[in-house]
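*Asks:* My questions are about this predicted structure, shown below with the sequence.
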Amino acid sequence: MAGSTTKKVLIRRFDREPLTGFVNPLTYLLAEGIELLTPSGTVSVVPYPDIKTVCFVKDFDSSEPDQEKKVFQNRPKMDGLWVRMQLRDAEILDGILSNNLLQLGGEGFTVVPPDPNSNNQKLFVPRAALRQIHVLGVVGSPLKPRKSKPVSKDQGRLFD
């Protein structure tokens, strides 16, 4: 695990207890799984089919993920693609996906969760964990230009 910048993560798994540890955000996605540095100092690779979500968290000691908001109650305000994901165990999660197709990786999707006050800052959902994913909306589309305020003819220009 090279590099000095690591992020705290909680890896939720389908059939086992969650794992806590640290990942390097630039190199944690390997071909065979997620590279995790445990708090005890051992490096392991967690295979993608075992992973439900990788939660980038503020603190390890926080509320259970079941108590957090998993879907948006209203249309989100943040720019991006509003997606709804159904996992293999039928759990439903919403998130905001980047509207830049160059940022989509082959291993899965990184989304911003619905609750800005939760412990989860971002979620990585592997493709192997998904049953389906739907785009519910495009928020802040660059295709629709924003209306500019009309300039009064009585108002003079500052630098004319």
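*Replies:* Cool, got the structure. Numbering: from 1, shown residues only.
*Asks:* Quick one: low-confidence residue ranges for this protein.
*Replies:* Within the chain, the stretches with pLDDT under 70 are 1-4, 62-68, 141-160.
*Asks:* one more time with 80
*Replies:* For the chain, applying pLDDT under 80 flags the ranges 1-5, 61-69, 101-105, 141-160.
*Asks:* ok, the longest strand along it: who's next to it in the sheet?
*Replies:* In the chain, taking DSSP state E as the definition, the longest strand is strand 130-139. Sheet pairing of strand 130-139 (DSSP bridges) gives strand 80-87 (antiparallel).
*Asks:* May I have the strand it pairs with as PDB, with CA atoms only?
*Replies:* Extracted in PDB, the C-alpha atoms of strand 80-87 (Å, rounded to 0.1, in the frame of the first residue of the first chain):
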ATOM      1  CA  GLY A  80     -24.700  14.700 -11.500                       C
ATOM      2  CA  LEU A  81     -26.800  11.700 -12.400                       C
ATOM      3  CA  TRP A  82     -29.400  10.700  -9.800                       C
ATOM      4  CA  VAL A  83     -29.200   6.900  -9.800                       C
ATOM      5  CA  ARG A  84     -31.100   4.200  -7.900                       C
ATOM      6  CA  MET A  85     -29.300   0.900  -7.400                       C
ATOM      7  CA  GLN A  86     -30.800  -2.500  -6.400                       C
ATOM      8  CA  LEU A  87     -28.200  -4.800  -4.800                       C
END
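*Asks:* what about stretch 83-93, how long is it end to end?
*Replies:* 8 Å (CA to CA, to the nearest Å).
*Asks:* Report the buried residues of it.
*Replies:* 83-85, 87, 91, 93 (16 or more other CB atoms under 10 Å). No exception for glycine: its C-beta is placed from N, CA and C like everyone else's.
*Asks:* and if you look at stretch 114-132?
*Replies:* For stretch 114-132, the neighbour count (16+ other CB under 10 Å) marks 114, 118-120, 122-126, 128-129 as buried.
*Asks:* Dump those residues to TSV, plus secondary structure.
*Replies:* Shown next, in TSV, are those (DSSP: H, G, I helix; E, B strand; the rest coil):
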residue	secondary structure
Pro114	coil
Ser118	coil
Asn119	coil
Asn120	strand
Lys122	strand
Leu123	strand
Phe124	strand
Val125	strand
Pro126	strand
Ala128	helix
Ala129	helix
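*Asks:* just curious, which of these is nearest to Gln73?
*Replies:* Pro114 (7.9 Å; CB to CB).
*Asks:* Check the contact between the closest one and Val71; I expect there is one.
*Replies:* Yes. The criterion here is CB atoms under 8 Å, and Pro114 meets it with Val71 at 6.1 Å.
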